[in-house]
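Asks: need a 3D model of the following:
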Amino acid sequence: MTQPSQQPQSTHTSIQYSNGHIEPRENRYDAMHYHRTGNSGLKLPQVSLGLWHNFGDAAALDRMEELIYTAFDNGITHIDAANNYGPSNGSAERNLGHILGLGLGHYRDELVISTKAGYRMWNGPYGDGGSRKYMLASLDQSLERLGLDYVDIFYHHRMDPETPLEETMGALDTAVKSGKALYAGLSNYDGATMARAAGILDELHCPFIINQNRYSIFDRTIEHNGLKETASMLGKGIITFSPLAQGLLTDRYLHGIPADSRIARDGRFLKSSAITDDTVHRISELNAIASDRGQSLAEMALAWILKDGLVTSVLIGASKPSQILDDIGALKNTSFSDEELQRIDRISAAAETH
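Replies: As a prediction, this is how the structure comes out:
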C-alpha cells in the first residue's frame, strides 16, 4: 500500500486549460492511499468516483467537469461508469467521453476507467442479461460513447439465471483477450456464484480481479451472502457503492428533509418513507459516535467500510466538489476501537430488523 505524505487539499481543483490540455496539481497523488486490487498488480485509490448519479442528461457539463477534475486533482484516479448510467441510458458514458476529449484524455494512462453491462439497454431479446451477444455488443457501444479503445475493467453488472455462467464468463474473457478491456469484474454477485465464476475465469486464464457490490453500515448484504469472505479467500478485490445509503448516513436528514436533498429532487432511490422516527434516532446515534471521533457521519461511514483492509476502494457519488473533498477526509482515520465497532454493529443490526 502506498501511504500519503499529506492530507487532502482544502481547495476544489487547480486544474486549468493550457494548449488544449488540462494541468492538474503535480502533487495530486500525495493525498491519497492506493491499494492493490486483490492479488493483482492493479492499484486503486481508496476512494473512487462513481457516475451512477449526477452525470446524466439533466446535469450541467461544467459541473460534471468540475467534479471529475476535482477528483483527479486530489488523487482519485478511478472513474466508474456503466452502460445504463444516466438518465438517459448511456449518457454518463457519453458525458465522460466528452470530458476526456476536452483534455482529461491526455492523462488516460493515469486513469482507471471501468464500465458494465447487464441491465436493459435496448429493445428486443438481446438488450440485457449475460449473453455473449449482449455483452460484447454493449462493450462496443460503451467504447464508442467513451471515445476509447479499451476500458480498464469490464464488469458483468448482475447475475443472470437465464444464461449459463460459462457463456457470460466466456464473454468477459473475449472482451479481455480482444484488447477491449484489461481486467474482468463482477457486480451484484453473491459469494457462491462469484466463486463459481472465478473458477471458470481462472481456467480461461482471464484476469478477473474485482467485485462491485453495495455495502454500508446499514446494508451488510455482502457479509451475509458470503461475498466479502469469499472474495478475500480467493484473492479478489472488492469495490463498494452506496456507502452512505443514498444519503441516510449523513447529517442531512437529522432535522427533516431539505429542499435540495435527493429525496426532494428525485425520490427514485431514497423515498421520504425511509425517514422514520426510528431511522432518525439511529442516524443520530451514529452521528454522535462520529462526532466523538472528530469526523462527520459521512466520513465515519466511509472510514468504516475501509476499516479492515478487505475493501479495496469505496465508490462515492457527488453533486458538489466540496462533497468529494469531504469524502476524501475519511482517509484521515480508518481505525476503530472495539467499543466503537460494537456500538455501530448494534445500531446496524437494529436497523436491519425494521
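
Asks: C-alpha from now on. contacts and neighbour counts both.
Replies: Noted.

Asks: let's verify residue 281: helix, strand, or coil?
Replies: helix (DSSP: H, G, I helix; E, B strand; the rest coil).

Asks: neighbours around it, how many?
Replies: Residues lying near residue 281 (other CA atoms under 10 Å) number 14.

Asks: if I look at residue 282, how far off is residue 338?
Replies: 19 Å (CA to CA, to the nearest Å).

Asks: more crowded one of these two?
Replies: Between residue 282 and residue 338, residue 282 has the larger neighbour count (other CA under 10 Å), namely 20 against 9.

Asks: pLDDT wise, what is the more buried one at?
Replies: Residue 282 carries a pLDDT value of 94.

Asks: centroid residue for this protein?
Replies: residue 315 (2.8 Å; CA atoms, centre = their mean).

Asks: so which helix or strand takes in that one?
Replies: strand 313-316 (DSSP states H and E).

Asks: contacts for that strand, please.
Replies: Outside strand 313-316, the residues within contact range by CA atoms under 8 Å, 6 or more residues apart in numbering are 35, 44-50, 80, 238-243, 302, 305-306, 324, 327.

Asks: over to stretch 197-208?
Replies: 165-166, 169-170, 173, 176-177, 182-185, 236.

Asks: distance between the ends of that stretch?
Replies: 9 Å.

Asks: in that stretch, what counts as buried?
Replies: By 16 or more other CA atoms under 10 Å, the buried positions in stretch 197-208 come out as 197-198, 200-201, 206-208.

Asks: also stretch 30-49?
Replies: For stretch 30-49, the neighbour count (16+ other CA under 10 Å) marks 30-38, 43-49 as buried.

Asks: repeat for stretch 312-323
Replies: Neighbour-count burial for stretch 312-323 flags 312-318, 321, 323 (criterion: 16+ other CA under 10 Å).

Asks: go on, stretch 210-220?
Replies: 210-219.

Asks: equivalent analysis for stretch 246-253, please.
Replies: Buried residues in stretch 246-253, counted by 16+ other CA under 10 Å: 246-253.

Asks: would you mind giving the residues you listed as TSV with distance to residue 26 added?
Replies: Output for the buried residues of stretch 246-253, formatted as TSV (distance: CA to CA, whole Å):
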residue	distance to residue 26
246	33
247	33
248	36
249	33
250	32
251	34
252	34
253	38
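
Asks: narrow those residues to those in strands?
Replies: Taking DSSP state E, every one of the buried residues of stretch 246-253 sits outside strands.

Asks: and which of these is nearest to residue 125?
Replies: Using CA to CA, residue 246 is the member of the buried residues of stretch 246-253 that sits closest to residue 125, with 31.8 Å.

Asks: gap between the residue lying closest to residue 84 once chain neighbours are set aside and residue 127?
Replies: Nearest non-adjacent residue to residue 84, counting by CA to CA, 6 or more residues apart in numbering: residue 90, 5.3 Å away. For residue 90, the distance to residue 127 equals 13 Å [CA to CA].

Asks: quick one, helices of the stretch 151-300 of the chain?
Replies: 165-177, 191-203, 221-224, 227-234, 262-265, 277-293, 297-305 (DSSP state H, counting those that start in this stretch).

Asks: mind checking the pLDDT average for the third one?
Replies: Averaged across helix 221-224, pLDDT comes to 98.

Asks: output the contacting helices and strands for it.
Replies: Where contact means 3 or more CA pairs under 8 Å, 6 or more residues apart in numbering; DSSP states H and E, helix 221-224 is packed against strand 208-214.

Asks: kindly report the same for the first one.
Replies: Contact analysis of helix 165-177 by 3+ CA pairs under 8 Å, 6+ apart lists helix 132-146, strand 151-156, strand 181-187, helix 191-203 as its packing neighbours.

Asks: just put these in CSV and tack on distance to residue 333 and mean pLDDT.
Replies: Below are the helices and strands packed on helix 165-177 laid out as CSV (distance: least, CA to CA, whole Å; pLDDT from 0 to 100):
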stretch, distance to residue 333, mean pLDDT
helix 132-146, 35, 98
strand 151-156, 29, 99
strand 181-187, 28, 99
helix 191-203, 29, 98
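
Asks: mind putting these in JSON lines, distance to residue 69 included?
Replies: JSON lines is the format used below for the helices and strands packed on helix 165-177 (distance: least, CA to CA, whole Å):
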{"stretch": "helix 132-146", "distance to residue 69": "17"}
{"stretch": "strand 151-156", "distance to residue 69": "19"}
{"stretch": "strand 181-187", "distance to residue 69": "24"}
{"stretch": "helix 191-203", "distance to residue 69": "34"}
